[in-house]
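# predicted model and sequence below, questions to follow.
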Amino acid sequence: MSTPKSATLDLGDIADVQTQPSPHTIDIDKVGVKNISYPIVVLDKFNGTQHTVARINMYVNLPHRHKGTHMSRFIEILSECRRDISIKNIESILEETRRRLNAQSAHIEMTFPYFIDKPAPVTKARGLMEYICSFKGSLDENGRMDLVVGITVPITTLCPCSKEISKAGAHNQRGEVRVQVRFKKFFWIEDLIRLVEESASCEVYALLKRQDEKYVTERAYANPMFVEDVVREIAHKLQKDPNFTWYAVESENFESIHNHSAYAYIESRSK
């Protein structure tokens, strides 16, 4: 039986359409792949490491002289690094991405759930709290590395205005704080999460008994905060820490008595 002609072709016989010129003289800032689900390893302050699954986006720049990029190469790079995808080797992944795709700049974004075994405030009953975290790395044409770490932390806030004008009670709600930072040296995700939780009316727990519910209700009532108060408090703490060279802080309240969210945002100037 003869071998089909298609099976005997080598790469030299197959057209590389991506390397053909584009009809438009327009450079592309980022082109690549998005929403790759992939296992990664994250450093854990209390347990050494934590295995989780990230949603990964990878990009390179594309000069106008090329029609397209080679999408399969992004997946090849991840597959080759599969046993050691973590924040410590983001730079080497970006270097390989830039080299393999013959690009000037390379970018990677990882978003993943991170879990902390958190005790309730009174009974100490334990439950796993989920926090959404992210690593965003970029390597430019001069070899300069930029790394931003982000966290999303659920919080509780109690409205100062509602407490002031009401004879009894005050409306409170669950909110979400999103923080992004640039930094000089390593820090623990847990410490940044703690900084945020201590800047709200009260923190959120995975498991609460009745004694715990009493505690968090009364704590929030004793510590009313607007979204403006929350972002200012977090920004103040980050500003005092010389390790953080830049930050962006946003707080969103999912209002319990309004048909909208309350929102505030602060971004620092680089130190």
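Ah, there it is.
# which stretches of the stretch 51-200 of the chain have low pLDDT?
64, 66-68 (pLDDT under 70).
# rerun that using 90 as the cut-off
62-72, 81-88 (pLDDT under 90).
# ok, the lengthiest strand in the chain: who's next to it in the sheet?
Once the chain is assigned using DSSP state E, the strand that runs over the most residues is strand 28-44. Strands that pair with strand 28-44, judged by DSSP bridges, come out as strand 48-62 (antiparallel).
# state the next helix or strand along the chain beyond the partner strand.
As assigned by DSSP states H and E, the chain's next helix or strand after strand 48-62 is helix 71-80.
# helices or strands up against that following helix?
If you count contacts as 3 or more C-beta pairs under 8 Å, 6 or more residues apart in numbering; DSSP states H and E, helix 71-80 packs onto strand 28-44, strand 48-62, helix 90-100. For the C-beta atoms, the positions are set from N, CA and C on the backbone; glycine is no exception.
# ok, 7 Å please
Using 3 or more C-beta pairs under 7 Å, 6 or more residues apart in numbering; DSSP states H and E as the contact test, the elements touching helix 71-80 are strand 28-44, helix 90-100.
# so how far is the following helix or strand past the last one from its chain's centroid?
I take that to be helix 90-100. Of the helices and strands lying after helix 90-100 in sequence (DSSP H and E), the nearest is strand 106-119. Strand 106-119 sits 6 Å away from the centroid of its parent chain (C-alpha atoms, centre = their mean, to the nearest Å).
# so what does strand 106-119 touch, helix or strand wise?
Secondary structure elements in contact with strand 106-119, counted by 3+ C-beta pairs under 7 Å, 6+ apart, are strand 28-44, strand 48-62, helix 90-100, strand 126-139.
# any buried residues in the shortest one, and which?
By neighbour count, with 16 or more other C-beta atoms under 10 Å as the criterion, the buried positions of helix 90-100 are 90-91, 93-94, 96-98, 100.
# by contact count, what packs against it?
With contacts taken as 3+ C-beta pairs under 7 Å, 6+ apart, helix 90-100 sits against strand 48-62, helix 71-80, strand 106-119, strand 126-139.
# who touches that helix?
Contacts made with helix 90-100 from outside it, assessed by C-beta atoms under 7 Å, 6 or more residues apart in numbering, are listed as 58, 60, 73-74, 77, 81, 105-106, 108, 135, 137, 139, 145, 147.
# re earlier: which residues are in contact with the longest strand of the chain?
Contact partners of strand 28-44, identified using C-beta under 7 Å, 6+ apart, comprise 49-62, 69, 71, 74, 78, 85-86, 107, 110, 112, 114.
# give me the buried positions along it.
Taking 16+ other C-beta under 10 Å as the criterion, strand 28-44 shows 28, 32-33, 38, 40-42, 44 as buried.
# quick check: angle from that strand to helix 71-80?
Orientation of strand 28-44 against helix 71-80 (axes from the mean of the first three to the mean of the last three C-alpha atoms, to 10 degrees) gives an angle of 10 degrees.
# for strand 28-44, the distance to its chain's centre please.
Taking mean C-alpha positions (C-alpha atoms, centre = their mean), strand 28-44 and its chain are 11 Å apart.
# can I get the CA coordinates of it in CSV?
This file holds the C-alpha atoms of strand 28-44, laid out as CSV (Å, rounded to 0.1, in the frame of the first residue of the first chain):
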residue,chain,number,x,y,z
ILE,A,28,-0.1,44.9,17.1
ASP,A,29,0.7,45.5,20.7
LYS,A,30,-0.5,42.1,22.0
VAL,A,31,-1.5,38.9,20.2
GLY,A,32,-1.6,35.5,21.6
VAL,A,33,-3.8,33.0,23.5
LYS,A,34,-6.3,33.4,26.3
ASN,A,35,-8.2,31.4,28.9
ILE,A,36,-5.8,28.4,29.1
SER,A,37,-6.7,26.4,32.2
TYR,A,38,-3.4,25.1,33.7
PRO,A,39,-2.0,23.9,37.0
ILE,A,40,0.4,26.1,38.8
VAL,A,41,2.2,26.2,42.2
VAL,A,42,2.0,29.1,44.6
LEU,A,43,4.0,29.7,47.7
ASP,A,44,1.9,29.3,50.8
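# and it, average pLDDT?
Confidence for strand 28-44, expressed as mean pLDDT, is 93.
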